[in-house]
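Engineer: this one's structure only:
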């Protein structure tokens, strides 16, 4: 059992749901979105119950005190170290403004939505393939359960096998249906999932694009925070670790999350518009204590997500590589229960089964079934597809009886398969 299978099983136990993707994907659109929404709710509550507290002159009435708090909350305050003098130039104050604390809850909700966009894309365009991956995984999982009725288990298995066969054996995905494509159309169809629907790689290109979206969005989150906080958030965690190793408290006063700031405001005299009094008062931002801890947690969570997304992407590229596909199918057809000989005839059949019948999309569906149900179920499905669908139907239709074909015809079939996979063999 590999890492992906273990992670998929752990996710199923925690969520109680069958999934049509990998555990790394669920870390993005399920767990990260949940964390961001929880932080947004907490911050929203703190924002409007304990906004900002400012010190005002003693002669200010309670109404003035409320006015100062509201004004300083609406307009941005600015940060100056306790050891520095308050700048008299407006541009200097502007450079040190704290811009973010009013908008943090809304920003977190936007970030949560961005993390869910790839999932929406996968669900929306995945339906255009004509097969519902989640239903296949659900039926495969039900087939694995020992408590399921025997008749129902066989019905689930038959549904999965028939659905994959209908998809792989669609006449629009056959060789003759692709001969009309010129070289430019073939390259475009191979590289872009929407136009490669009948090239046998639609789901694979779409899923690979989804994984690239997860990587891009997780990196974009760091860039957005850098703009909002007015600092390089990418190095924030490194600075936190450095301060801890040097024995400096990680939540000490900083420019990024200041606890005390300064606020300038003007009080006009009624009836005397030209007479106004300007004040500068110190203010306390209690919520920044929580914000600092929250963004520190998010930084290290983002770091983990980015690394996992990149690692999972390259692991996925390896998984769908042609050599790994053939090894995956061969291993399950060489099992003790389903013997497959090593003679030339069986090996040529295996190549055609992997490259010409299943293609990238068929293998992709088997991989997701294996990761989200079990290897036993995937092995059973592979055997049924090979013996009941490929050998008895597809193979006879395309080459009549294989044993009666000479070596030249076999070589021609293999060469045709290679030509159809000349571009981007990792994806199609």
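Structural biologist: Right, received. Where do you want to start? Note that the structure is predicted; figures quoted are calculated from it, not measured. Residues are numbered from 1 along each chain as shown.
Engineer: the helix or strand that contains residue 156: which residues count as buried?
Structural biologist: Using DSSP states H and E, residue 156 falls within helix 150-168. Neighbour-count burial for helix 150-168 flags 153, 156-157, 159-161, 163-165, 167-168 (criterion: 16 or more other Cβ atoms under 10 Å). The C-beta positions use only the backbone N, C-alpha and C, and glycine is treated the same way.
Engineer: now stretch 26-45
Structural biologist: For stretch 26-45, burial by neighbour count (16+ other Cβ under 10 Å) applies to 26-33, 35-36, 39-40, 43.
Engineer: mean confidence for that stretch?
Structural biologist: Averaging pLDDT along stretch 26-45 gives 91.
Engineer: hmm, who's touching that stretch?
Structural biologist: Contact with stretch 26-45 is made by 11, 15, 19, 104-106, 108-109, 111-112, 115-116, 118-119, 214, 217-218, 287, 290-291, 294, 298, 301, 305, 308-309, as judged by Cβ atoms under 8 Å, 6 or more residues apart in numbering.
Engineer: pLDDT score for residue 395?
Structural biologist: At residue 395, the predicted lDDT confidence score is 55.
Engineer: do the same with residue 184
Structural biologist: Looking at residue 184, its pLDDT is 62.
Engineer: ok, now the one 10 residues further on?
Structural biologist: The confidence metric pLDDT takes the value 47 at residue 194.
Engineer: begin at 4 from now on, thanks
Structural biologist: From this message on, residue numbering opens at 4, which makes the last subject residue 197.
Engineer: what count of nearby residues applies to residue 237?
Structural biologist: As a burial measure, residue 237 scores 15 neighbours (other Cβ atoms under 10 Å).
Engineer: quick one, what contacts it?
Structural biologist: Contacts of residue 237 (Cβ under 8 Å, 6+ apart): 225, 229.
Engineer: helix, strand or coil for it?
Structural biologist: With DSSP: H, G, I helix; E, B strand; the rest coil as the basis, residue 237 sits in helix.
Engineer: can I take it that residue 281 is in a strand?
Structural biologist: Yes: assessed by three-state DSSP, residue 281 belongs to a strand.
Engineer: quick check, it in contact with residue 267.
Structural biologist: Yes: shown here, residue 281 and residue 267 form a contact pair, counting by Cβ atoms under 8 Å, at 6.8 Å.
Engineer: more crowded one of the two?
Structural biologist: residue 267 (16 against 8).
Engineer: correct me if wrong, but that one is in a strand.
Structural biologist: Yes: if the criterion is three-state DSSP, then residue 267 is within a strand.
Engineer: looking at the contacts of stretch 29-48, which are in helices?
Structural biologist: Counted as lying in helices by DSSP state H, out of the contacts of stretch 29-48, are 14, 18, 107-109, 111-112, 114-115, 118-119, 121-122, 217, 220-221, 290, 293-294, 297, 301, 304, 308, 311-312.
Engineer: show me where pLDDT drops low in the stretch 304-431 of the chain?
Structural biologist: Scanning the stretch 304-431 of the chain for pLDDT under 70 picks out 339, 341-342, 344-345, 397-431.
Engineer: change it to 50
Structural biologist: Within the stretch 304-431 of the chain, the ranges that satisfy pLDDT under 50 run 402-417, 419-431.
Engineer: circling back to that earlier point, and the helix holding residue 159, what does it pack against?
Structural biologist: The helices and strands touching helix 153-171, judged by 3 or more Cβ pairs under 8 Å, 6 or more residues apart in numbering; DSSP states H and E, are helix 136-147, helix 362-375, helix 378-387.
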